[in-house]
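Student: Build me a structure from this.
(4 chains)
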Protein chains: 4
Amino acid sequence: MGMVGGGRGAFIGGVHRMAASLDGEIELVCGAFSSDAERSRLSGEDFYLSPDRVYGSYGEMIQKEKELPEGERMDFVSIVTPNHVHFGPTKMALENGFHVVCDKPLSFDMEEANELEKVVKETGQIFALTHNYTGYPMVKQARHMINNGDLGTIRKVVVEYPQGWLMDFIESSDQKQAAWRTDPKRSGIAGAMGDIGTHAENLAEYITGLKITELCADISTLVEGRLLDDDGNVLLRFDNGARGILHASQIAAGEENSLNIRVYGSKAGLEWHQMQPNTLEVKYQNSPKQIYRTGVGELCASAQAHTRIPAGHPEGYLEAFANIYRNFAKCVRARIEGVNVDPIYDDFPTVEDGVRGMNFIYKVIESGKSDQKWVKV
Amino acid sequence: MGMVGGGRGAFIGGVHRMAASLDGEIELVCGAFSSDAERSRLSGEDFYLSPDRVYGSYGEMIQKEKELPEGERMDFVSIVTPNHVHFGPTKMALENGFHVVCDKPLSFDMEEANELEKVVKETGQIFALTHNYTGYPMVKQARHMINNGDLGTIRKVVVEYPQGWLMDFIESSDQKQAAWRTDPKRSGIAGAMGDIGTHAENLAEYITGLKITELCADISTLVEGRLLDDDGNVLLRFDNGARGILHASQIAAGEENSLNIRVYGSKAGLEWHQMQPNTLEVKYQNSPKQIYRTGVGELCASAQAHTRIPAGHPEGYLEAFANIYRNFAKCVRARIEGVNVDPIYDDFPTVEDGVRGMNFIYKVIESGKSDQKWVKV
Amino acid sequence: MGMVGGGRGAFIGGVHRMAASLDGEIELVCGAFSSDAERSRLSGEDFYLSPDRVYGSYGEMIQKEKELPEGERMDFVSIVTPNHVHFGPTKMALENGFHVVCDKPLSFDMEEANELEKVVKETGQIFALTHNYTGYPMVKQARHMINNGDLGTIRKVVVEYPQGWLMDFIESSDQKQAAWRTDPKRSGIAGAMGDIGTHAENLAEYITGLKITELCADISTLVEGRLLDDDGNVLLRFDNGARGILHASQIAAGEENSLNIRVYGSKAGLEWHQMQPNTLEVKYQNSPKQIYRTGVGELCASAQAHTRIPAGHPEGYLEAFANIYRNFAKCVRARIEGVNVDPIYDDFPTVEDGVRGMNFIYKVIESGKSDQKWVKV
Amino acid sequence: MGMVGGGRGAFIGGVHRMAASLDGEIELVCGAFSSDAERSRLSGEDFYLSPDRVYGSYGEMIQKEKELPEGERMDFVSIVTPNHVHFGPTKMALENGFHVVCDKPLSFDMEEANELEKVVKETGQIFALTHNYTGYPMVKQARHMINNGDLGTIRKVVVEYPQGWLMDFIESSDQKQAAWRTDPKRSGIAGAMGDIGTHAENLAEYITGLKITELCADISTLVEGRLLDDDGNVLLRFDNGARGILHASQIAAGEENSLNIRVYGSKAGLEWHQMQPNTLEVKYQNSPKQIYRTGVGELCASAQAHTRIPAGHPEGYLEAFANIYRNFAKCVRARIEGVNVDPIYDDFPTVEDGVRGMNFIYKVIESGKSDQKWVKV
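Tutor: As a prediction, the model looks like this:
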């Protein structure tokens, strides 16, 4: 694995490295960790990399690595830069024969997204987008149960993602995470809705297997001076007629990272909370609620395959994130070895999910500005 | 207290009786418990009433009780009938000099609501509407803290009220509670939004002290054959600019009676769940979350005044309901005795709240049918 | 009902009155509310009693009420005094033909307890001890499931009752509740173990149907200057060979009233928390945990009979307490009417439970002082 | 790192590998993964090791690695075998100049434990015992707050560790984990008390800074046919006079891995649950309970240093386990580089903790067989 971005002081780069290394299947071999070559070099030292494989730019990295003999060069690129630097390295890596893992959202704007989808198709390279929350075993179990009809016809979905870390105008300080996420030049047209709203959208569609067809959004910037949205409330309609609500916020004082989903069907309901990820509640109207837990009893094959340790030994965010990498790595390995991968592992967010996410962002922002009630997705 | 409705087989009548009796301040002395005189008589026996004070109709009850000497006659009427029988007994009782407690929503339609507001004002009688959820001590504490500025400027409100008991078409069976609530002739123009949506609206405005000024609603009937809405999702805007979401459902499989509210301000957030009513979570971004509990520490005077027993001895729905009755009774007694009531007890939902609730129902239903995004409230 | 004790300033008297009145089956008609006649008189006014039925002593009350014509006199006596004043009024009431409800523990000492058991048997009067926690519907459900074999053979019981309200030496202040509970002249040989340890013991035996046969206790007074125990940890063995732990404390800083029980059998386990009384967790090793809730689904007949309102409308401490009174009242009424009572309602703690509780106190205190490991119960 | 044990089919070996690799500081370079050389070889392939560094026995590994040039040989050995194979490789590794990480409990018997303590002292090598639960950030925070006096004088400790996975006689099947843990020839004199009781003991002493001085235990084998204890209930006394309870079980039906601790002091109490490891409850008698959360607010330096990702991104068991490895690795590196390690990282369970744990096992088993109440520790 070669990494673009994620040098000293970054947050998500470290997450990607820990997630990639967890299962002993992926090794970081090179990187262009910063647009500042010195910073990149120092970061490379932190990771015990050979200095000649620490590059000053992603362009250099892709070029030089490509020149290395097969078997020595990196197998794929991991892109952990801010949104406006997703497109460049992704496109170049794909076109030079490297597979790609890219952080979400897919790109800076819709045009880039569509172009990337085209490039993935044309090159045939493997591409994964790290909507990491779908990597949790209990998300797999929820998806399985809904797909299996255990909830009956889905009627209502409530997905929410409140955070509070942007409740003050911290982008004026030197908080790097806040700075780029609230900057239209680096983040794109959306703030909270792009950063976390898309996670909520992706999770709802992944778990239910439904597609959002219409939405009506109230998008706000509640902290004075901020340039992008920090709160959004959205009415949803799904392709089977189900109703829904999505709300995401980064000004919800005291909330950490509270991605939650409730799904109600004609037979049963379910509820999952990212902050208690090993628990899935399945609710019946006329019998006891059932608490499914990672590692307990007869979970679906996918839930089991995405669990590493026994029940009661809590797995968390990094393990779910690692599931995305592990599955991606298995697919890359199968490609290299010319074999088929077990379908259970051919399960990670794709460029199509990325395009859907970008489209969601665009429609939500459009709706937020519109007097018309419903916007088609 | 004389009661209209609430005979054998009713649900809410028993609640009103238990709530009224809890503090030893109110005695049921007469009633017209059913439009069926024999059923009314049998119900009277159940309650150990003197047979001559069990009446065949509310008209008879009000007439006969009025003829009794002062001090013997009932002091007030409690009206626990379906919505279409709120207006008649309320108006007649008020106009004949009786105070009134009435179940929510205020009336069958908007016209009745406006008329009742006028009658209350003209007669000067005391009127209480049983939006009972505002009777919980921790709701008082939440209201106090927001009013006190502890949360800063309120920016976002999420209020939700999912139930699942109407997830099947049970109105076709002999479930009395379902039958009238889903019948436009008895319930009015709304189903779930009238039955529980108004509770959510009332709670949100009571706790925050804000008023809803605009809304955008997606109102649905998700169970086939049903005549009124059973699910509603609403975007809210408040008079101070705060954003909000209200969703209520009676088809949320596996949900019991899950009225919840989260409020986020510029300083802190809070969260309260009706099903864990003795707990109030107050959330800070950069310090530990605080768990306020009934009976623990220095709660506001109102929270203390609405708590009966020590911490850890859970009080519930009936005790909160009893708080409405107890406060109402204190006001009635003060009126009779010609003294002032302690302002802490002059705290129960009024006819104005009832009119606001009816208006909310009308606007929500209107919005649900509209292509226009925002409807002014 | 006539009451002994429970005048102004008392805690448990008010609980008994609210519990007794909740169902409209019991009316407070007289009382000797205080050993101070003036205080008793004022308390009688608070409760709107006829002055001629407010007595200066329990002796006077029992005497005078007995002289009233049948049908006018009180049907039973409720005794809510400190422990050292249980024996006198209970014995006198029973011997004068009144049924009795008495607060726990049964008496000041073992000798009194044995004598009361004899008197109850000899007089044949109905006697209830308010181990109120067994009145919760979910306690009934737990007992039913264990009795039904749903948990298999019971192997282990963990019952705990931490409180924190005596963590400081508040008996030196004017806290009346603390003063008598820590006073050997009023409380008896035990403090915390008598006040709450017996509740834990009673709950464990009631739910499991097992009897404690041996125990080994570490009994401590952790607050300096206190005259009775404020903390106790006890190893238990039950008559079927099951192991157990009971711990109770009144110095557990920050604990409210946290009576909890976990029972583990050869097939399944269960867990119940008094502070979340409407929930019963049933745990399986190889399938999802099930959350039983008051009012949801097919609970046992007894759980249903001890529930008043629908699921999600929380019932609490007073309702459970009222279940003791309601059942007692039904038995008294059946006795008066010469009919049989439905066995579901013939369910409240008896004088035998009271004797067991007193014996438990004695054995625990004995064990606390002993170097020998096991004390037979 | 070289590993002893942990080949195909093992549980804890994989945990150690994931934990070691998480931070990119430790690389698995060699191993003797099984006493079966072929199995060891295959396991080596799984981990992409060079075949010449996959050994058939730990003796061979230590010998051969020692012969490698400094800088090429492994820096330390990780021992993840059953208890009866802790002593041999640990002693040999230490005496041949390798540092050691060893799984708990320290050894098969007391004699080995004492000998290992001597060897560690004599060789001066660095030794870590993986009482991994002390690696959680909130355990660090709890320890800090108690040490800081925030709870006042500690009065009571309740530590519990119920599991249910041995509720049936599964050692008769081919469950490898069950087989050796219930076999006196491989596990030692204790079953549950050695496997998990020592974790509870270690956690209680680590968090409180107190030492257990006396205990009284009821130790049982509740599953027929089992050769070692599967349930234990223990009264504790600590060196400051505090009282305590420790109970551990592997037959607690439906329990996963529920290590919990509550500590009560003269000022406040606290509570931590391993299955919700990012939360620490701090309880006050007269003010709101405070919920400390990983990543939120001003936690102690150690809690912060043992947290990898922001609040609300749950870290779990592997991350806590990795903290032991990371700290150990930092100490090893500092030793190699001849520098001092930051005291925050010089924090992992030592051989002295291991000896204390073995002594605890011996005293608990002794007490379980004794008629005497208290056994000195």
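
Student: in the stretch 101-250 of chain A, which spans are helices?
Tutor: A:110-123, A:137-147, A:176-181, A:184-187, A:192, A:198-208 (DSSP state H, counting those that start in this stretch).

Student: Now render those helices as TSV, adding mean pLDDT, mean neighbour count and distance to B:Gly269.
Tutor: In short, each C-beta sits where N, CA and C put it, glycine included. TSV is the format used below for the helices of the stretch 101-250 of chain A (pLDDT from 0 to 100; neighbours: other Cβ atoms under 10 Å in any protein chain shown; distance: least, Cβ to Cβ, whole Å):
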stretch	mean pLDDT	mean neighbour count	distance to B:Gly269
helix A:110-123	98	17	34
helix A:137-147	98	23	26
helix A:176-181	90	18	19
helix A:184-187	96	15	25
helix A:192	98	30	16
helix A:198-208	98	24	19
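
Student: and stretch A:129-137, how far out from the chain's middle?
Tutor: 6 Å (Cα atoms, centre = their mean, to the nearest Å).

Student: is that stretch up against chain D anywhere?
Tutor: No - judged by Cβ under 8 Å from any Cβ of the partner chain, stretch A:129-137 makes no contact with chain D; its nearest approach is 9.6 Å.

Student: What's the mean pLDDT across stretch A:51-62?
Tutor: For stretch A:51-62, mean pLDDT is 96.

Student: First-to-last residue distance for that stretch?
Tutor: When the termini of stretch A:51-62 are compared using Cα to Cα, to the nearest Å, they are 16 Å apart.

Student: Ok, stretch A:332-347 next?
Tutor: 13 Å.

Student: For B:Val159, which of the helices of the stretch 101-250 of chain A is the nearest?
Tutor: Shortest distance between B:Val159 and these, using Cβ to Cβ, is found for helix A:198-208: 19.1 Å.

Student: Does that closest one reach chain B?
Tutor: No - against chain B, helix A:198-208 shows no contacts by Cβ under 8 Å from any Cβ, the least distance being 13.3 Å.

Student: can you check stretch A:218-236 too?
Tutor: Yes - against chain B, stretch A:218-236 shows contacts by Cβ under 8 Å from any Cβ at A:218, A:220, A:222, A:231, A:233, A:235.

Student: now the fourth one: how far from C:Tyr161?
Tutor: What it means is A:Asp231. For A:Asp231, the distance to C:Tyr161 equals 45 Å [Cβ to Cβ, to the nearest Å].

Student: Out of the helices of the stretch 101-250 of chain A, which gets nearest to chain C?
Tutor: With Cβ to the nearest Cβ, the closest approach to chain C among the helices of the stretch 101-250 of chain A belongs to helix A:137-147: 10.3 Å.

Student: Domain map for chain A?
Tutor: Per automatic domain parsing, the structural domains of chain A span A:2-129, A:135-312+A:355-376.

Student: Now render those domains as CSV, adding distance to C:Gly197.
Tutor: Below are those laid out as CSV (distance: least, Cβ to Cβ, whole Å):
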stretch, distance to C:Gly197
domain A:2-129, 49
domain A:135-312+A:355-376, 31
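
Student: Would you mind listing what in the stretch 51-200 of chain A touches chain B?
Tutor: A:151-152, A:155-156, A:158, A:160, A:162, A:164-165, A:167-168.
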